[in-house]
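K.L.:
Quick one: sequence plus predicted model below, questions after.
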Amino acid sequence: MPIYHTLGTIPPKRHTVFRKPNGELYAEELVSTEGFSSLYSLVYHCHPPTIVKSLGEPYSVEPKIAREKHLKHTSLIGFNIAPEDDYLQSRKPVLVNSDLHISLAAPRKSMTNYFYKNSQADEVIFIHQGSGTLKTGFGKIRFAYGDYLVVPRGTIYQLEFDDEQNRLFIVESFSPIRSPKRYRNEYGQLMEHSPYCERDIRKPSDLETTDELGDFKVLIKKQGLIYPYTYGTHPFDFVGWDGFHYPWAFSIHDFEPITGRLHQPPPVHQTFEGHNFVICSFVPRKYDYHPLSIPAPYNHSNVDSDEVLYYVDGDFMSRKSVVKGQITLHPGGIPHGPHPGTVEKSIGKQETAELAVMIDPFRPLMLTEDAVKIEDESYHKSWQINVE
């Protein structure tokens, strides 16, 4: 959600002399997207951000595909991903295509001996369990249960966790993450009918300039490889910055649901969009209020898209035996709908306390080797009823 923001000290005009107290120049850096045609920020460093001391051998973190083509309703038990100490090693891609990668992570330790930069994708990190601080040169953002952390590509960051109990649901988008276009006016402002507004956006604060020389390890992801760089200056040496390109946070608990007399379709839950996919938030809300309404969703066929639902918390009226951290994948090409008995059971209900993140990609998703390890292989039979 691009909003102009600035922290620290910056000169009155761009691209002009800006000196340190000792008379040396600060190093100006333009961080731009889509060439010079889209969002950007101007950053002022204590030292040039180009001082590379060494470059290690790159290594692959490309997802290993186990099922490229499939037409089966699939469920993954996300909390079966085992916790690991290291943040990057804990990230396990489970569903991928050429537009986005969906990963699960259960890191126990904070990032202390290296920094990370994803140069190929914007990241949306949903905090299912845990709390802590996202640290970047742009400033700090506190996070907790239910937060979406939106980290634009090219941002060097560290995650500092408050304890070892952390569960993350991560989307890597190979296109920019934005708020839905239909909720923005021609000036980019969120309109009155949007389910969230600028007041809900949490921007970086507490800029701390770290003016240090030494050996600073930055792991940079590009085209499925991690490149180990060692820089001679601390990545968080920003003395000031301004612009529209920076990390931000939004809590799923601040999403205001859109309801109606009859069942509302999934687009009313849309929270973010990328190229060829959307991210939606299902939150506690009042049910439909027509006297004959059926709150449970109707059967529907995914003709043009897959559907991914990540269950966070609460009771889901359309599903049986749902557990926290479960992922369901309903591929395009076959119908799906509420489990037997749940439609009748939903009639007359007044509200739901469900909490979930949904992703609709418009290119088919592939399952990775990490995904099939946590698959509930009987899920596609869960709609069966006794038929003579």
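P.N.:
Arrived safely, thanks for sending.

K.L.:
Return the residues in contact with residue 92.
P.N.:
The neighbours of residue 92, taking Cβ atoms under 8 Å, 6 or more residues apart in numbering as the test, are 81, 103, 104, 105, 368, 370. Bear in mind the C-beta positions are built from the backbone N, C-alpha and C, glycine included.

K.L.:
Going by distance to residue 275, which of those residues wins?
P.N.:
When the contacts of residue 92 are compared for distance to residue 275, the smallest value, 18.6 Å, is given by residue 103; criterion: Cβ to Cβ.

K.L.:
low-scoring stretches of this structure, by residue?
P.N.:
Residues of the chain meeting the criterion pLDDT under 70: 1, 317-318, 320, 386-388.

K.L.:
who's the spatially most central residue of the chain bridged to?
P.N.:
The geometric centre of the chain, computed from its C-alpha atoms, lies nearest to residue 124 (Cα atoms, centre = their mean), at 1.6 Å. Residue 124 forms beta bridges with residue 150, residue 171, as assigned by DSSP bridges.

K.L.:
surely residue 193 meets residue 180?
P.N.:
No: in this structure, residue 193 is not within contact of residue 180 by Cβ atoms under 8 Å, at 11.0 Å.

K.L.:
Out of those two, name the residue with the larger neighbour count.
P.N.:
Neighbours were tallied for residue 193 and for residue 180 using other Cβ atoms under 10 Å; the higher tally belongs to residue 180 (17 against 8).

K.L.:
Quick check: nearest residue in space to the more buried one, chain neighbours excluded?
P.N.:
residue 270 (5.0 Å; Cβ to Cβ, 6 or more residues apart in numbering).

K.L.:
mind listing what the one you found touches?
P.N.:
By Cβ under 8 Å, 6+ apart, residue 270 lies in contact with 180, 278, 279, 280.

K.L.:
And residue 292, by the same measure?
P.N.:
Contacts for residue 292 (Cβ under 8 Å, 6+ apart) come out as none.

K.L.:
distance of it from residue 347?
P.N.:
With distances taken as Cβ to Cβ, to the nearest Å, residue 292 is found 9 Å from residue 347.

K.L.:
returning to what we had before: now the contacts of residue 270: which count as buried?
P.N.:
For the contacts of residue 270, a neighbour count by 16 or more other Cβ atoms under 10 Å gives the buried set as 180, 278, 279, 280.

K.L.:
where exactly do the helices run in the stretch 1-150 of the chain?
P.N.:
Ranges of helices within the stretch 1-150 of the chain are 87-90, based on DSSP state H, counting those that start in this stretch.

K.L.:
Backbone torsions only: list them for residue 3.
P.N.:
phi -130, psi 140 (degrees, to the nearest 10).

K.L.:
what's the nearest residue to it if we skip its chain neighbours?
P.N.:
Beyond its immediate neighbours in the sequence, the residue positioned closest to residue 3 (Cβ to Cβ, 6+ apart) is residue 198, lying 5.8 Å away.

K.L.:
correct me, but the residue nearest to the centre of the chain touches residue 176?
P.N.:
No: counting by Cβ under 8 Å, residue 124 does not reach residue 176; the two are 11.3 Å apart.

K.L.:
Unless I misread the structure, residue 239 falls within a strand.
P.N.:
Yes: read with DSSP: H, G, I helix; E, B strand; the rest coil, residue 239 is one of the residues of a strand.

K.L.:
Now that it has come up, it's in contact with residue 26, right?
P.N.:
Yes: with contact defined as Cβ under 8 Å, residue 239 reaches residue 26; the gap is 5.9 Å.

K.L.:
Quick check: neighbours shared by these two?
P.N.:
Between them, residue 239 and residue 26 have 44, 45, 46 as joint contacts when contacts are counted by Cβ under 8 Å, 6+ apart.
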